[in-house]
Structure formats: structure tokens, C-alpha cells
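A.B. asks: I would like the atomic coordinates for the input below:
(one chain, ligands or ions: 3)
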Amino acid sequence: MTSECFIMRSRKGRVMKKLVMFSLIVGLIGWFLPAPGWTAQDQVKPPLEKPLPVRPPVTIDRFGPKDGGATCTTAPTINIPADLDYHDTGTTCGKGHNYDDSPCTTDFDGGEDAIYELNVTTPGMYPITATPENGGSWVGFMVTDNCPDQSGAQCVGNAGGSSSASADVTFPSAGTYFLQIDTWPSPDCSDYSLDITSAIPPPANDDCANATVINSLPFTDTIDTSAATTADDPSTDCGSTNTPTQSHSVWYSYTAAASGYLDIELCGSSYDTVLEVWTGSCGAYTALSPAQCNDDDSTYCSKSRQSALHGVPIMAGTTYLIEAMSYGSGDGGTLQISVAFNTVPVELMQFDLQ
Ligand SMILES: [Ca+2]
Ligand SMILES: [Ca+2]
Ligand SMILES: [Ca+2]
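C.D. replies: Ligands and ions are numbered 1, 2, ... in the order given. From the prediction side, this is the model:
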């Protein structure tokens, strides 16, 4: 290598070193210089996040789909049987002590009350239960055929208890009724649940059109009339004259094989009965002359409220309709009926024996 070449290489090396140093300095200055538009606040800004969607406030329906109303005019409607089986939760607290003289004459109307309107399209017997909830107690219910503060409102059914109130309530006809849920203070009010379930089927011979046919005598039958109704029943010639009159009726029919007399007894029944015999046809009832109707028999029945008819005159070929009822707004129960035939009235037979 010549000395000139050595000098040339030495100069190139120094130039390269200077270029490298310059590049490093420029890079460091660029690193620390702020970007255009930079402010000091940018340095403390949190990282951008996607905003949460705005949701409507959630309402918790603590007291079920309807809850009772404070008064009859604000009462929600329960359609019977369309809304069955019906379940609701509610409270009487805060609804006011608006009704305290229920026609059901119970002490379970002394607290605050919640009211439901019952729109009954199919009469019959429906189980109703009111149960205290959330630590409540002594809840009762009363069903009436009008708002309980209206003159002439009648009790249709009621129940009460410390832990539950249940009753099979019979709606005698289609129409509007009111259900009052209340307490026997204390407590003055309570949360509750309400259940109304499907109708208990009535006995097969509930209606005259489905009367049990008596083919031969003597005849006996025992049935439960608790769920029997009074649809299309005639006005009776004896028994209660109050409203409602007789209830829980069942029907038997007998076409007389021979002329003579019928002896009919309901003596073994478990409830206060009423008995009448008709001719004609269902819906076009004709009372016998004189009317054959009995409320309380003291000659043949050992109990005090059961019914009997002896010596009912019958003519061969004529169909007789026998109607057995529960007195007034009674509950019905176990009916025991016996029908016998005599050629002479029992009274005359007894007379002959004397
Ligand atoms: Ca009350
Ligand atoms: Ca009936
Ligand atoms: Ca009676």
C-alpha cells in the first residue's frame, strides 16, 4: 500500500463515523420531540374504550302479573274459567282499610284490603286459596256477589287462617263477583299469594236434563252434591225465601209404572235439605196440586233439617221430576235419597193400624 492509499482510506473511515454519529443524534432528537398537535394532557389520557350501551332500568315485578286493587273500582279482573288455573302474588299493605263490614261476617276483614273482580262465565265450584307470604300471617278472603260495601251484597264464600285460607267457593250463576283479601289484625296487612283452580266437576245429575232415571222401585242413591249448581232451577214452593234460595240441586226422574203413591226420604243426608216433586218437563216445570214440597220433616227423619214426602200421588205413565236441594246458600254434602212405591198413602196405612 502506498502512503496516498492509506491516507484515502483513513479519510473515508472518519467520514463514515461522522455520518453514523449524525444519524444517531438526529434519531434521538426525533424520539424526544412531540408530534404535531401534541399537548401535555395527551400524556395522561386513559386509553380509549368502547362506550357501554345504555339500557333501560329493570323493573322487578315483585307482586305478580296483576296484584289486587285498592278498591272495587280499581280491582283487576280475573276471568273464570278463562284465566284458570290462576296464580298471583300481591300485598294488602298500602292499599288502605276500605272494607271492614263484609257480608261474610268474618273477623278476617279488619286490616288493609286488596280487591279482585271475578268475571264468572261458567257457574260452579272453584277452589280458592290465599296464603300469607314474606313473613305475613292471618290472611283471609271473602267472595261476595257485589262490592262488599254495597247494600244487599251477599256472601258467596270465605276462609281465613294463620298460615293459609282455602275454600271451595260455589258461584251459583254467571256474573260479576268480588274477591277481598284482608287480614285479621294484627298484622294490619300482609303480602299474599292467590290461587284459583279449575272447577270441581258437578254430579252427573246436576241439571234436570241429565236427571238420574229411576227404572224401578224401591230406589236408593248416595252422592256428593257439594259441586252441584242451580242453573235453570225453578222457584220452589218451600224452603228458604232469602236470596239465594235453594242451592246445590240434583235431579231424579221416575215414570210411574202404576198409579199409586211415592214415599221419598232424604233423612240420611249430611246437610239441611229441601225436596220437591214436579211434573211437566225440564225448563217447563209444573208443581203438583197441592204442591209436593218439604223442607224439614219431623215425622220420618230423626234429624231436624232433612226432608221427606210420603203419599205423593202419581198416575201411571206420567213422568215425575224429583228435585233434591240444599237449603238456602248451604254447602250441599252427602245426599241420601230413597224412593218407594205404595198403593195407598202411608198416612192411611198408619191410620188403619191404629
Ligand atoms: Ca279491611
Ligand atoms: Ca243443579
Ligand atoms: Ca231442610
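A.B. asks: how about the residues of the stretch 51-200 of the chain near ligand 1?
C.D. replies: Listed as neighbours of ligand 1 in the stretch 51-200 of the chain under the rule C-beta under 5 Å from the ion: 97, 99-100, 109, 113, 182. Yep, even glycine has a C-beta here, placed from its N, CA and C like the rest.
A.B. asks: could you dump the residues you listed to TSV with pLDDT and neighbour count?
C.D. replies: TSV is the format used below for these (pLDDT from 0 to 100; neighbours: other C-beta atoms under 10 Å):
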residue	pLDDT	neighbour count
97	95	16
99	96	21
100	93	12
109	95	25
113	97	28
182	97	36
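A.B. asks: ok, now which ones touch whichever residue of the stretch 251-354 of the chain sits closest to ligand 1?
C.D. replies: At 22.5 Å from ligand 1, residue 329 is the closest residue in the stretch 251-354 of the chain, using C-beta to the ion. By C-beta atoms under 8 Å, 6 or more residues apart in numbering, the residues touching residue 329 are 154-156, 240, 242, 244, 247.
A.B. asks: repeat the analysis, applying 6 Å as the threshold.
C.D. replies: Contacts of residue 329 were listed using C-beta atoms under 6 Å, 6 or more residues apart in numbering, and they are 244, 247.
A.B. asks: surely it forms part of a helix?
C.D. replies: No: membership of residue 329 in a helix is not supported by DSSP: H, G, I helix; E, B strand; the rest coil, which gives coil.
A.B. asks: same list, the residues of the stretch 51-200 of the chain next to ligand 1, but as a markdown table with distance to residue 277 please.
C.D. replies: Output for those, formatted as a markdown table (distance: C-beta to C-beta, whole Å):
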| residue | distance to residue 277 |
| --- | --- |
| 97 | 50 |
| 99 | 43 |
| 100 | 45 |
| 109 | 42 |
| 113 | 45 |
| 182 | 44 |
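A.B. asks: and the residue of the stretch 101-250 of the chain nearest ligand 1?
C.D. replies: residue 113 (3.9 Å).
A.B. asks: excluding residues flanking it in the chain, which one is nearest that residue?
C.D. replies: residue 182 (4.4 Å; C-beta to C-beta, 6 or more residues apart in numbering).
A.B. asks: who does the helix or strand hosting that neighbour touch, helix- and strand-wise?
C.D. replies: In this structure, residue 182 is located in strand 175-183 according to DSSP states H and E. Counting contacts by 3 or more C-beta pairs under 6 Å, 6 or more residues apart in numbering; DSSP states H and E, strand 175-183 is packed against strand 114-120, strand 139-144.
A.B. asks: what comes up buried for the helix or strand just after the last one?
C.D. replies: Taking DSSP H and E as the definition, the helix or strand that follows strand 139-144 towards the C-terminus is strand 155-161. Residues 155-161 are the ones in strand 155-161 that count as buried (16 or more other C-beta atoms under 10 Å).
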